[in-house]
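Colleague: Next one to model:
(one chain, ligands or ions: 1)
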Amino acid sequence: MIAQPIITVNNLVKKYGDFTAVNGISFTVYEGEIFGLLGPNGAGKTTTLEIIETLRNKTSGEVMVDGFSIDADANSIKQRIGVQLQAAGYYPNLNLYELLVLFSGLYGVKVNPMDMLEKVALTDKAKAKYKDLSGGQKQRFSIATTLLNNPRIIFLDEPTTGLDPQARRNLWDLIRQIRDSGTTIVITTHYMDEAEELCNRVAFVDGGRIIGLDTPDHFIDQLVASGFERKKQVKQANLEDVFINLTGKEWREG
Ligand SMILES: Nc1ncnc2c1ncn2[C@@H]1O[C@H](COP(=O)(O)OP(=O)(O)OP(=O)(O)O)[C@@H](O)[C@H]1O
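Modeller: Below you'll find the predicted structure:
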């Protein structure tokens, strides 16, 4: 099957006054892939995502999402994408079940909150408040909210930052499950092991430009072929493997 483009970004520019945060970025995301935007702090990743999500205005360039232009059809795009809400949007007096009822109402969709919680292994937390969840549970709940409108694409901005090794790995499984069920995923991360593990393709962004775009395997093979060698011989395992081996793989936080 030929991969179909689902997001095309063409020569995207975003200026904040005199400062150019995004400086002529172009890339295509294909249906059904996990696409990673990688790069140092301040590279322009979040700005690029927020423009694609129709949450931020661009200065110039073209963006098409699932056949719709961000200029002409922002509302159609909003209906087809899932975006993580800022934690501030989680009303403190409502429990997870009630929050999902509220958000699905805002989207104008009918969902069974327990089905959504089951997708992210939080059914036993239905009556809990968001603030009382662990870091991993908060991230999983936030991912559940992106799935409410049965989106074609979800956007995850640093979804595993601050999580312990088990919680990260469990979140990777969840993200892969979502991809395997047919949803395209665009993700930013500062963890290269995560990008290598999850992403079908990655774009490196630096200074508002894309400086490389390929599969993780290709990037690594090319670097090795160029004669690159690690300074220190790497051991067969690392401290994270020790952590997982000692503490187990199961979900720790309920
Ligand atoms: N509203 C704003 N006004 C002015 N400058 C901004 C604004 N938002 C972002 N910037 C600047 O634009 C640049 C790109 O920011 P952006 O958040 O897109 O980077 P990022 O790649 O997502 O970084 P990080 O990895 O730290 O999240 C940064 O230099 C940032 O300070």
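
Colleague: Identify the residues contacting stretch 105-116?
Modeller: When contacts are defined by Cβ atoms under 8 Å, 6 or more residues apart in numbering, stretch 105-116 is touched by residues 96, 97, 100, 101, 104, 123, 126, 144, 147, 148, 149, 150. Heads up, the C-betas are built off the backbone N, CA and C, glycines and all.

Colleague: what's the first-to-last distance across it?
Modeller: Start-to-end span of stretch 105-116 (Cα to Cα, to the nearest Å) is 14 Å.

Colleague: Run through this protein and note the low-pLDDT ranges.
Modeller: For the chain, the stretches with pLDDT under 70 are 1, 249-254.

Colleague: which one's the longest helix in it?
Modeller: helix 165-180 (DSSP state H).

Colleague: and that helix, which residues are buried?
Modeller: Buried residues in helix 165-180, counted by 16 or more other Cβ atoms under 10 Å: 165, 166, 167, 168, 169, 170, 171, 172, 174, 175, 178, 179.

Colleague: Closest one to residue 6 out of the contacts of stretch 105-116, please.
Modeller: Nearest to residue 6 among the contacts of stretch 105-116: residue 150, at 15.0 Å, using Cβ to Cβ.

Colleague: Can you report how many residues lie near the residue lying closest to the closest one once chain neighbours are set aside?
Modeller: Nearest-residue entry for residue 150: residue 109, 7.2 Å, with adjacent residues in sequence omitted and distances by Cβ to Cβ, 6 or more residues apart in numbering. Other residues near residue 109 come to 12 when the count uses other Cβ atoms under 10 Å.

Colleague: And residue 109, how far from residue 55?
Modeller: In this view, residue 109 and residue 55 are 20 Å apart by Cβ to Cβ, to the nearest Å.

Colleague: hmm, back to that, which SSE is immediately downstream of the longest helix of the chain?
Modeller: Where DSSP states H and E defines the elements, the next helix or strand beyond helix 165-180 is strand 184-188.

Colleague: returning to what we had before: where does the residue nearest to residue 150 sit: helix, strand or coil?
Modeller: coil (DSSP: H, G, I helix; E, B strand; the rest coil).

Colleague: all helices for the stretch 1-150 of the chain, in order.
Modeller: Counting by DSSP state H, counting those that start in this stretch, the stretch 1-150 of the chain has helices at residues 45-52, 74-80, 96-107, 113-119, 135-146.

Colleague: Need those helices in TSV (columns: distance to the ligand and mean neighbour count).
Modeller: Formatted as TSV, the helices of the stretch 1-150 of the chain follow (distance: least, Cβ to the nearest ligand atom, whole Å; neighbours: other Cβ atoms under 10 Å):
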stretch	distance to the ligand	mean neighbour count
helix 45-52	3	22
helix 74-80	19	16
helix 96-107	24	17
helix 113-119	27	17
helix 135-146	16	22
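
Colleague: Pick out the residue nearest the middle of this structure.
Modeller: Centroid-nearest residue in the chain: residue 156, 2.1 Å away (criterion: Cα atoms, centre = their mean).

Colleague: how much space between the closest residue to residue 46 other than its chain neighbours and the ligand?
Modeller: Nearest non-adjacent residue to residue 46, counting by Cβ to Cβ, 6+ apart: residue 157, 6.0 Å away. Distance of residue 157 to the ligand, computed by Cβ to the nearest ligand atom, to the nearest Å: 7 Å.

Colleague: isn't residue 157 right next to residue 49, touching?
Modeller: Yes - using Cβ atoms under 8 Å, residue 157 is in contact with residue 49, at 6.1 Å.

Colleague: Pull up the overlap in contacts between those two.
Modeller: With Cβ under 8 Å, 6+ apart, residue 157 and residue 49 have common neighbours residue 188.
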